[in-house]
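Participant: Predicted coordinates and the sequence they were generated for:
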Amino acid sequence: MINRLWIILIVILGAFSQSSSGFGFSIITMSLFPLFFSVIDSMILIVFTNLVAVTFIVVRYYKHIQFKLLIIPVILSLITTYIGLI
């Protein structure tokens with residue numbers, strides 16, 4: 001229960017930083033998650049929390065996204081994210 005509370009509070013802090021400055025979610029969360037979790041667990045939590053955040057953005061701006069331009073960057077980011085988690 002305590003771990004879930006810390007995850008929620010850290011994600012809220014990172015989201016506040018992201019929404020007010022335009023960047024900083026990963027910086028804030030990766031700075032604070034290792035205080036409570038291992039570095040590997042922290043990286044995995046950040047990947048999944050970023051996935052949730054990006055999903056909300058994609059749903060909101062779906063009509064304005066040019067998906068043909070995103071094919072190569074998305075494939076490369078998926079590959080490098082997987083390599084980084086190994």
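Facilitator: Nice, thanks for sending it over.

Participant: residues of stretch 35-43 that come out buried?
Facilitator: For stretch 35-43, the neighbour count (16 or more other Cβ atoms under 10 Å) marks 37, 42-43 as buried. Glycine gets a C-beta too; all of them are placed from N, C-alpha and C.

Participant: Looking at those residues, which is nearest Ser19?
Facilitator: Using Cβ to Cβ, Ser42 comes nearest to Ser19 of the buried residues of stretch 35-43, at 21.4 Å.

Participant: I'd guessed the closest one sits against Ser31; true?
Facilitator: No. At 9.5 Å, Ser42 does not count as touching Ser31 under the criterion of Cβ atoms under 8 Å.

Participant: in the host helix or strand of Ile28, what's buried?
Facilitator: Ile28 is part of helix 25-36, with elements assigned from DSSP states H and E. Using 16+ other Cβ under 10 Å as the test for burial, helix 25-36 gives 25-26, 28-30, 32-33.

Participant: how about JSON lines for those, with pLDDT and distance to Pro73 added?
Facilitator: Putting the buried residues of helix 25-36 into JSON lines (pLDDT from 0 to 100; distance: Cβ to Cβ, whole Å) gives the following:
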{"residue": "Phe25", "pLDDT": "88", "distance to Pro73": "19"}
{"residue": "Ser26", "pLDDT": "88", "distance to Pro73": "17"}
{"residue": "Ile28", "pLDDT": "91", "distance to Pro73": "24"}
{"residue": "Thr29", "pLDDT": "90", "distance to Pro73": "22"}
{"residue": "Met30", "pLDDT": "91", "distance to Pro73": "22"}
{"residue": "Leu32", "pLDDT": "92", "distance to Pro73": "28"}
{"residue": "Phe33", "pLDDT": "91", "distance to Pro73": "26"}
